[in-house]
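Engineer: Generate a structure from the sequence data that follows.
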Amino acid sequence: MAVKFVVALFESKGIAEDACNRLRTEGVPHISLMLLRETAPLAAVETPSPDPLLLDDVRHRFAEFIRNGETALFVRTQNEAEIDMAVDTIRQYAPLRIRVAVAGEGAPIGQDLL
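Structural biologist: Numbers count the residues shown, from 1 in each chain. As a prediction, the model looks like this:
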């Protein structure tokens, strides 16, 4: 199975960090947070996503929801069980959006789950 990411958008960094800590407690090893800003560009040395090929597509897909302070959470998964566990855990923290994305250049971003 191709590597997939569960991508969730949260209203604040604090809520995203709570979800991230819960996922780590559940044993999920590959998690990344990215604070989204409407006005400030990303620094050239910053790598906010586990997969840079996803970054631009995710930013465009979530563009209508981005305001200063919102945070995206990325969870790298290997199989359907990991996807289900990540989505179920993330839903407990009331994200604005959840999406499953396939890694790779030109791959479709996936479908909204929330």
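Engineer: show me the contacts for residue 20.
Structural biologist: 31, 33, 73 (CB atoms under 8 Å, 6 or more residues apart in numbering). Every residue, glycine included, has its C-beta placed from N, CA and C.
Engineer: rerun that using 10 Å as the cut-off
Structural biologist: When contacts are counted by CB atoms under 10 Å, 6 or more residues apart in numbering, residue 20 is found next to 8, 10, 13, 28, 31-33, 71, 73-75, 89-90, 93.
Engineer: Could you tell me which of those are located in strands?
Structural biologist: Counting by DSSP state E, the part of the contacts of residue 20 found in strands is 8, 10, 31-33, 71, 73-75.
Engineer: If you rank those residues by neighbours, which is first?
Structural biologist: residue 8 (28 neighbours; other CB atoms under 10 Å).
Engineer: ok, so what distance separates the spatially closest residue to residue 94 that is not a sequence neighbour from residue 85?
Structural biologist: Nearest non-adjacent residue to residue 94, counting by CB to CB, 6 or more residues apart in numbering: residue 15, 7.4 Å away. Distance of residue 15 to residue 85, given as CB to CB, to the nearest Å: 19 Å.
Engineer: Likewise for residue 11?
Structural biologist: Taking CB to CB, one finds residue 11 at 23 Å from residue 85.
Engineer: One more: residue 3?
Structural biologist: 16 Å.
Engineer: of those two, who's got more company?
Structural biologist: residue 85 (18 against 15).
Engineer: For the closest residue to that one other than its chain neighbours, give me the pLDDT.
Structural biologist: Distances taken as CB to CB, 6+ apart place residue 26 nearest to residue 85, at 6.7 Å, with adjacent residues excluded. As predicted, residue 26 sits at a pLDDT of 92.
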